[in-house]
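1. have a look; sequence and predicted model below, questions after that.
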Amino acid sequence: MPKIRIYDPAMCCATGVCGPSVDPELTRVATAIFLLEKKNVDISRYNLGSEPQAFIDEAKIQEVLNTQGTDALPAAIVDGELKVEGRYPTNEEFAQWANISVSELTKSETKSKGIELL
C-alpha cells in the first residue's frame, strides 16, 4: 500500500474548504482524500499554517521550500518521492498511486454506493 503525503500552503483550516467562497479544487482534493481514507489508503494531509513540524520532518519538502519557497506548495510525496509540486494531484494521479480506478474518486460513483459527502 502506498504512503501518500499532501503538503498544503498555510490555509484557514485543515482542508481549506471553509469561508464564503470555496475553491472547487480544494473540494475535489478533500473528497478524493476522504474516499482514499475510506479505502484504507495510507494518506495524510498537512497544513503549513497549523502543522509546520510535518514540513520540517520531511527533507524533500524542506529542500523544495528552500529552493522555491511556498510557491512550491501544494506538493505531494508518494513513498518518499516528490511527485507533484505547485499544484494538487489530479484524481487520475491519486488513483494511479493508490492502484484503484479513477471512477472510485468521482461523486457519481460515491452516490451510487451510498456514500454521503460533506
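-> The structure has been received and is ready for your questions.
2. for A54, grab the count of nearby residues.
-> As a burial measure, A54 scores 16 neighbours (other CB atoms under 10 Å). To be clear about C-beta, it is placed using only N, CA and C from the backbone, and glycine gets the same treatment.
3. helix/strand/coil for it?
-> helix (DSSP: H, G, I helix; E, B strand; the rest coil).
4. doesn't A75 make contact with L82?
-> Yes. Counting by CB atoms under 8 Å, A75 is a contact partner of L82 at 6.6 Å.
5. is the nearest residue to R5 once chain neighbours are set aside in a helix, a strand, or coil?
-> Nearest residue to R5, sequence neighbours excluded (CB to CB, 6 or more residues apart in numbering): I77, at 4.6 Å. Classification of I77 using three-state DSSP returns strand.
6. helices of the protein, start to end?
-> 24-38, 52-57, 59-68, 91-98, 107-112 (DSSP state H).
7. out of the ones you listed, which gets nearest to Y46?
-> helix 52-57 (3.9 Å; CB to CB).
8. ok now that closest one, how far from the chain's centre?
-> 16 Å (CA atoms, centre = their mean, to the nearest Å).
9. so who does E25 touch?
-> Y88 (CB atoms under 8 Å, 6 or more residues apart in numbering).
10. one more: the one 3 residues further on?
-> With CB under 8 Å, 6+ apart as the criterion, the residues that contact R28 are 88, 91.
11. from Y88, how far off is it?
-> From R28 across to Y88, the span is 8 Å (CB to CB, to the nearest Å).
12. from A95, how far off is V41?
-> 10 Å.
13. got any ranges where the protein has weak pLDDT?
-> For the chain, the stretches with pLDDT under 70 are 13-21, 107-118.
14. the closest residue to V41 other than its chain neighbours: what's it in contact with?
-> Among residues not flanking V41 along the chain, A98 sits closest, at 4.8 Å (CB to CB, 6+ apart). A98 makes contact with 2, 4, 36, 39, 41, 43, according to CB under 8 Å, 6+ apart.
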